[in-house]
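*Asks:* Sequence first, predicted coordinates after that:
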Number of protein chains: 2
Amino acid sequence: MKLTILGCYAATPRTLTNPTAQVFEIRNHMFLIDCGEGTQVQLRKNKVKFSRINHIFISHLHGDHFFGLPGLISTFRLLGRKKELHIYGPKGIKEAITLLLKLGDSWTNYPLKFHELTSLEPRLIFEDEKVSVRTVPLDHRVYTNGFLFKEKLAERKLNVEAVAKYKIDKAYFQNIKKGNNVILEDGRSIPNTELSFDPPKPKSYAFCSDTGYNPEIVPLIKNIDVLYHESTFLDSDSKLSIKTKHATAKEAAEIAEMAAVGQLILGHYSTRYKSIEPFKSEAQAIFKNVELANDGKVFEF
Amino acid sequence: MKLTILGCYAATPRTLTNPTAQVFEIRNHMFLIDCGEGTQVQLRKNKVKFSRINHIFISHLHGDHFFGLPGLISTFRLLGRKKELHIYGPKGIKEAITLLLKLGDSWTNYPLKFHELTSLEPRLIFEDEKVSVRTVPLDHRVYTNGFLFKEKLAERKLNVEAVAKYKIDKAYFQNIKKGNNVILEDGRSIPNTELSFDPPKPKSYAFCSDTGYNPEIVPLIKNIDVLYHESTFLDSDSKLSIKTKHATAKEAAEIAEMAAVGQLILGHYSTRYKSIEPFKSEAQAIFKNVELANDGKVFEF
């Protein structure tokens, strides 16, 4: 898993800070999560190949999370895209994008598929043989979802020495990887555990922004490897966080602690703070494994 | 008059080039013309005071000319704006902006006044005691207007020595500035030309982008001081310019020559060209006084 932070600051884009957008890579997928104004320039700066993005997940319809989407969709057209583009986001996103394209008489040459979200319950919104994506309902001023990305259990790994020892034919390898035992020609049954190794533990990542402190998400993200949780404010500004339905670094850490996640990444900082270091120390008083997101930063898990 | 180029490249925003936006200052007005994605960051980079912008003119509804507008409107709100903001642009712009604000439940705290344009004829769209703004209908793939900004004739300047010589009372000064003669107490009539100087010649600027070669605009911009005319392509790519209803540097120069403008500024370059210098030489073969726009460049007239 590889996470590239394109932007992780709240509110307006500034000269050196960008609104929310990130690229999450898992098992050959390259998912774009949120798309604040300027995301396409951030994609270029971070040398992300536009053509590899086929799925875009939009948490909510505040400008700092999706005002870069119309421009990105137009740029895909100019780049000659042919492949389907899937967009997952709150109901209304289709009407907005369609209207903007209609006004510019700029329909895409490629299929644009909208998956509009309305449920207040967690939902499976994408699935293939390798990965699943579920919504994590959040508590913000408008309808908002986080997204939970989970690898599926991979095939078991062939124990090359063991299959050589038993002189097992290649034709059986696929069966072994699926976990089956093998019966030799002499009738002996060789247990699969002797012929293969456990696959790596499937990894998981959840993006939770924007949201107020919301322990209801804890069961949904229990034991995941990495949690990106917004922390717009420090605890000293908790009045503001309550009023605006954002979280503090302390609250983000409490969620991470309760969910027993592997690692917490903080982001969506208010630009009122001169330094983001205090977010880390505030969170680490509660949950140890904390990292700070920053524009252009890459996390590999 | 002062013109700050925020962006002058065609199509998609890139790391070092920005889509169309410019700030035009004339007689204490600060007009924003077009608003491609990233304009608010360009405003910050160029240290433009957001609160001085009260009128935004949008030429047409292609993304590279207005996808920065929703974000700028939202930022004005975050900055606590109270003053009216006037937006002039093609019909449909109000519906688009209103829908985006509605979806984000982010209404402005300040009055947002839309002036939707539909006429195919030139129209007076703004006027006060100092400045007028008229549309210049252009020929592009969608409904598009250029904008012609004209200073009004200022008051005449008092000839301080002359009024002292005739011992004329202050009470008459306003009348003199308006061009009236003065009758002294002894009955003599002093002609205004003796008591005042001509005001400076009113200046004028036209923004014409995007458009194909369109000589119909010549009478509308005849003898103006400065013309910004798009030149997306060089003459060697004239087939592309015809197909996309854009102009070449040569065509922009022909328009400038026919309209006998004082100065031509070229912009809206396709990013296919490695250098923009050939635009200047191509245009100068036809019209001498050519300048190249570039992001961050400031012209003072």
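*Replies:* Good, I have the coordinates.
*Asks:* Would it be right to say that A:Ala171 lies in a helix?
*Replies:* Yes - assessed by DSSP: H, G, I helix; E, B strand; the rest coil, A:Ala171 belongs to a helix.
*Asks:* give me the number of residues near A:Glu251?
*Replies:* Neighbour count for A:Glu251, taken as other C-beta atoms under 10 Å in any protein chain shown: 25. C-beta here means a position set from N, CA and C on the backbone, and glycine is covered the same way.
*Asks:* show me the contacts for it.
*Replies:* Contact analysis of A:Glu251 by C-beta atoms under 8 Å, 6 or more residues apart in numbering or on different chains lists A:213, A:231, A:241.
*Asks:* Pull up the gap between it and A:Asp237, please.
*Replies:* 12 Å (C-beta to C-beta, to the nearest Å).
*Asks:* measure the residue lying farthest from the centre of chain A to A:Lys167 for me?
*Replies:* What lies farthest from the middle of chain A is A:Asp186; by C-alpha atoms, centre = their mean that is 50.1 Å. Distance, A:Asp186 to A:Lys167, using C-beta to C-beta: 11 Å.
*Asks:* Repeat that for A:Asn175.
*Replies:* A:Asn175 is 16 Å from A:Lys167, by C-beta to C-beta.
*Asks:* more neighbours, these two?
*Replies:* Counted by other C-beta under 10 Å, A:Asn175 and A:Lys167 do not tie: A:Asn175 has more neighbours, with 14 against 8.
*Asks:* And for that one, nearest residue in space, chain neighbours not counted?
*Replies:* Nearest non-adjacent residue to A:Asn175, counting by C-beta to C-beta, 6 or more residues apart in numbering or on different chains: A:Val182, 7.2 Å away.
*Asks:* Checking A:His65 next. Helix, strand or coil?
*Replies:* A:His65 ends up helix, using three-state DSSP.
*Asks:* Can you report how many residues neighbour the residue nearest to A:Asn175?
*Replies:* Neighbours of A:Val182 using other C-beta under 10 Å come to 20.
*Asks:* Give the bridge partners for it, please.
*Replies:* With DSSP bridges as the criterion, the beta-bridge partners of A:Val182 are A:Ile190.
*Asks:* Also A:Val23?
*Replies:* A:Thr4, A:Leu32.
*Asks:* So which residues of the stretch 201-301 of chain A form helices?
*Replies:* Along the stretch 201-301 of chain A, counting by DSSP state H, counting those that start in this stretch, helices occupy A:238-244, A:249-259, A:277-284.
*Asks:* ok, A:Ser119 touching A:Tyr143?
*Replies:* No - between A:Ser119 and A:Tyr143 there is no contact under C-beta atoms under 8 Å: 9.8 Å.
*Asks:* who has more neighbours, those two?
*Replies:* Neighbours per residue (other C-beta under 10 Å) separate A:Ser119 from A:Tyr143, with A:Tyr143 holding more: 20 against 11.
*Asks:* wait, isn't the more buried one in contact with A:His60?
*Replies:* Yes - contact criterion C-beta under 8 Å: A:Tyr143 and A:His60 qualify, at 6.4 Å.
*Asks:* Next up, the contacts around A:Thr211.
*Replies:* A:138-140, A:144, A:146, A:217, A:229-230, A:245-247.
*Asks:* Write out the residues of the stretch 1-150 of chain A neighbouring chain B.
*Replies:* Counting by C-beta under 8 Å from any C-beta of the partner chain, the stretch 1-150 of chain A comes close to chain B at A:11-15, A:37-38, A:40-41, A:44-45, A:60-64, A:67-68, A:70-71, A:74-75, A:78, A:90, A:92-93, A:95-96, A:99-100, A:103-106, A:141-142.
*Asks:* Can you name the residues that contact the residue in the stretch 151-300 of chain A that chain B sits nearest to?
*Replies:* Nearest residue of the stretch 151-300 of chain A to chain B: A:Thr271, at 9.9 Å (C-beta to the nearest C-beta). Neighbour list for A:Thr271: A:9-12, A:14, A:17 [criterion: C-beta under 8 Å, 6+ apart].
*Asks:* which SS state does the residue farthest from the centre of chain A fall under?
*Replies:* Assignment for A:Asp186 (three-state DSSP): coil.
*Asks:* where in the stretch 51-200 of chain A is pLDDT low?
*Replies:* The model of the stretch 51-200 of chain A has no residue with pLDDT under 70.
*Asks:* re the thing from before, mind listing the shared neighbours of A:Tyr143 and A:His60?
*Replies:* Shared contacts of A:Tyr143 and A:His60, counting by C-beta under 8 Å, 6+ apart, come down to A:Pro90.
*Asks:* Restricted to buried residues, select the contacts of A:Thr211 in ChimeraX.
*Replies:* A single ChimeraX command is used to select the members of the contacts of A:Thr211 judged buried by 16 or more other C-beta atoms under 10 Å in any protein chain shown:
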select /A:138,140,144,146,217,229,230,245,246,247
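*Asks:* what residues are up against A:Pro19?
*Replies:* Contacts of A:Pro19 by C-beta under 8 Å, 6+ apart are A:7, A:9-13, A:36-38, A:63-65, A:67-68.
*Asks:* what would those look like in CSV with distance to A:Asp295, neighbour count and secondary structure?
*Replies:* Shown next, in CSV, are the contacts of A:Pro19 (distance: C-beta to C-beta, whole Å; neighbours: other C-beta atoms under 10 Å in any protein chain shown; DSSP: H, G, I helix; E, B strand; the rest coil):
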residue, distance to A:Asp295, neighbour count, secondary structure
A:Gly7, 5, 27, strand
A:Tyr9, 7, 25, strand
A:Ala10, 13, 25, coil
A:Ala11, 14, 21, coil
A:Thr12, 14, 24, coil
A:Pro13, 10, 29, coil
A:Gly36, 11, 27, coil
A:Glu37, 13, 34, coil
A:Gly38, 10, 26, coil
A:Gly63, 18, 26, helix
A:Asp64, 13, 27, helix
A:His65, 15, 27, helix
A:Phe67, 17, 27, coil
A:Gly68, 14, 33, coil
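*Asks:* just the strands in the stretch 201-301 of chain A please.
*Replies:* For the stretch 201-301 of chain A, the strands defined by DSSP state E, counting those that start in this stretch cover A:204-208, A:226-230, A:263-267, A:290-292, A:298-300.
*Asks:* Just name the most buried of those.
*Replies:* strand A:226-230 (a mean of 28; mean count of other C-beta atoms under 10 Å in any protein chain shown).
*Asks:* Contacts for it next, please.
*Replies:* Strand A:226-230 has contacts (C-beta under 8 Å, 6+ apart) with A:1, A:3, A:22, A:203-211, A:221, A:246-247, A:252, A:255-256, A:259, A:261-268, A:293, A:299, A:301.
*Asks:* Walk me through the domains of chain A.
*Replies:* For chain A, automatic domain parsing gives the domain ranges A:2-154+A:200-300, A:157-197.
*Asks:* Out of these, which is the most enclosed?
*Replies:* Comparing these by mean count of other C-beta under 10 Å gives domain A:2-154+A:200-300 as most buried, with a mean of 20.
*Asks:* how long is it from one end to the other?
*Replies:* Using C-alpha to C-alpha, to the nearest Å, the end-to-end distance of domain A:2-154+A:200-300 comes to 4 Å.
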